[in-house]
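sequence first, predicted coordinates after that:
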Amino acid sequence: PAPSKRHLPPTENVAKWTETVISNFERLRKYLETCRAQGIGGKQTNRMPLPAMKDRPSWHRFCLGTAEADGNTGAYYGDEHFDCDDANDSTKEGKRGQDNEVPAWRTNLPENGYQPTVRLLLQMDQ
């Protein structure tokens with residue numbers, strides 16, 4: 001839904017709202033810095049394979065899962081494993097190669113896509 005007045009800061013106390021938002025972002029930044037210093041998501045850790053940066057359809061599947069990405073939320077089409085990939089996917093990462101090899105990021109892809117973890121966020125922020 002579009003933003004409404006409930007999404008906006010209260011007009012009578014904008015300074016306090018601004019302070020709170022900035023404080024929250026500062027805490028988040030410090031937490032991420034601490035995690036990075038501990039090596040979480042770093043190059044020396046077990047890194048998760050990711051779709052190619054500009055492969056939008058594959059990122060959609062990676063983040064939301066195949067059913068959601070294909071528009072089959074809740075098995076609307078009546079297929080348990082609705083998958084357009086085999087016939088229609090023309091993306092670099094999403095398309096199966098000549099030897100029918102599945103891209104590494106699709107191996108064990110959770111039904112609802114991957115959760116946005118700190119490890120994953122820090123891995124992408126290199």
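That came in fine, so what should we check first? Numbers count the residues shown, from 1 in each chain.

export the longest helix that the chain contains to CSV, keeping only CA atoms.
Ranked by number of residues, the top helix in the chain under DSSP state H is helix 14-37. Extracted as CSV, the C-alpha positions of helix 14-37 are listed here (Å, rounded to 0.1, in the frame of the first residue of the first chain):
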residue,chain,number,x,y,z
VAL,A,14,9.5,16.0,14.2
ALA,A,15,12.8,16.7,16.0
LYS,A,16,12.3,13.8,18.5
TRP,A,17,11.3,11.4,15.6
THR,A,18,14.4,12.5,13.6
GLU,A,19,16.6,11.9,16.7
THR,A,20,15.2,8.5,17.2
VAL,A,21,15.6,7.4,13.6
ILE,A,22,19.2,8.7,13.5
SER,A,23,19.9,6.9,16.8
ASN,A,24,18.5,3.6,15.4
PHE,A,25,20.7,3.9,12.3
GLU,A,26,23.8,4.6,14.4
ARG,A,27,23.1,1.5,16.5
LEU,A,28,22.6,-0.6,13.4
ARG,A,29,25.8,0.8,11.8
LYS,A,30,27.8,0.0,15.0
TYR,A,31,26.4,-3.5,15.2
LEU,A,32,27.3,-4.2,11.5
GLU,A,33,30.8,-2.8,12.1
THR,A,34,31.2,-5.1,15.1
CYS,A,35,30.0,-8.1,13.1
ARG,A,36,32.4,-7.2,10.2
ALA,A,37,35.3,-6.9,12.7
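
buried ones in that helix?
Going by neighbour count (16 or more other Cβ atoms under 10 Å), the buried part of helix 14-37 is 32, 35. All C-beta spots, glycine's among them, are computed from the backbone N, C-alpha and C.

before we move on, what about stretch 36-43?
Residues of stretch 36-43 classed as buried: 40-41 (neighbour count, 16+ other Cβ under 10 Å).

residues in contact with that stretch?
Residues from elsewhere that reach stretch 36-43, judged by Cβ atoms under 8 Å, 6 or more residues apart in numbering: 35, 45, 47, 118-123, 125-126.

right, I'll leave it there.
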